[in-house]
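*Asks:* Make a model of this:
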Amino acid sequence: MKAIVRRHFEEVLNLGSVDVIEELYSDDYVLDAPFSSDGLPQEHAVTSGRTGLRERVELFRTAFPDITFSVEEMLAEGDAVAARYIFRGTHLGPFGEIAPTGRTLSVTGILVAHFRAGTIYEAFSAFDSGDMLRQLNATEPPSSGDGPSA
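*Replies:* Residues are numbered from 1 along each chain as shown. Model prediction:
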């Protein structure tokens, strides 16, 4: 399972190999993460299915063409793998309603992926979207008041 999560970061996110999505994720895959697949800030935006994941990857790779995810730590238990990561990139393309700023960013996050039949069927990614927007010199995301931005 750790090898699949590593491929998620290395191949899908860092290299943009969206063809690998069919192999690593179930067809009913669901991701709960900051920002919707169109780049709008939301604390718990849901990305559904392989197509939704492709759109999300393309959004981030268009906005940050040099984006890299570094996995700092991974833990596995039962059907879950947790990974602490840092993503870095230069904002050179549109990201939702935010025009390119040319700014570089570095954001730490955590991904928890759950497996069924050897593929990722659901994941939760948490990172400080407010910090990300501040680094881009953009506005704060809306807050639901239920804790830190994730």
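
*Asks:* quick one, strands of this protein?
*Replies:* Taking DSSP state E as the criterion, the chain carries its strands at 25-33, 45-48, 68-77, 80-90, 104-116, 119-127.

*Asks:* pLDDT below threshold where in the protein?
*Replies:* 36-44, 138-150 (pLDDT under 70).

*Asks:* related to what we said a few turns ago, would you format the strands of the chain as CSV with mean neighbour count included?
*Replies:* Placement of C-beta: from N, CA and C, glycine included. CSV is the format used below for these (neighbours: other CB atoms under 10 Å):
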stretch, mean neighbour count
strand 25-33, 18
strand 45-48, 16
strand 68-77, 13
strand 80-90, 18
strand 104-116, 17
strand 119-127, 19
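
*Asks:* For D19, find the nearest of those strands.
*Replies:* Closest to D19 of these, according to CB to CB: strand 25-33, at 11.9 Å.

*Asks:* Outside of the longest helix seen in the chain itself, list whatever touches it.
*Replies:* The longest helix of the chain (DSSP state H) is helix 49-63. For helix 49-63, the surrounding residues in contact (CB atoms under 8 Å, 6 or more residues apart in numbering) are 12-13, 16, 18, 21-22, 25, 27-31, 33, 37-39, 47, 67, 89, 91-96, 98, 100.

*Asks:* at 6 Å what do you get?
*Replies:* G16, V18, I21, Y25, Y29, S37, G39, T47, I67, G93, F95 (CB atoms under 6 Å, 6 or more residues apart in numbering).

*Asks:* Can you turn the buried part of those into a PyMOL selection?
*Replies:* Buried subset of the contacts of helix 49-63, written as a PyMOL selection, criterion 16 or more other CB atoms under 10 Å:
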select buried, resi 16+18+21+25+29+37+39+47+67+95
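
*Asks:* Between the contacts of helix 49-63, which sits nearest V5?
*Replies:* Among these, and counting by CB to CB, the member closest to V5 is Y25, at 11.3 Å.

*Asks:* Quick check, the closest one in contact with G118.
*Replies:* No: with contact defined as CB atoms under 6 Å, Y25 does not count as touching G118 (10.7 Å).

*Asks:* roughly how far apart are F9 and I98?
*Replies:* 24 Å (CB to CB, to the nearest Å).
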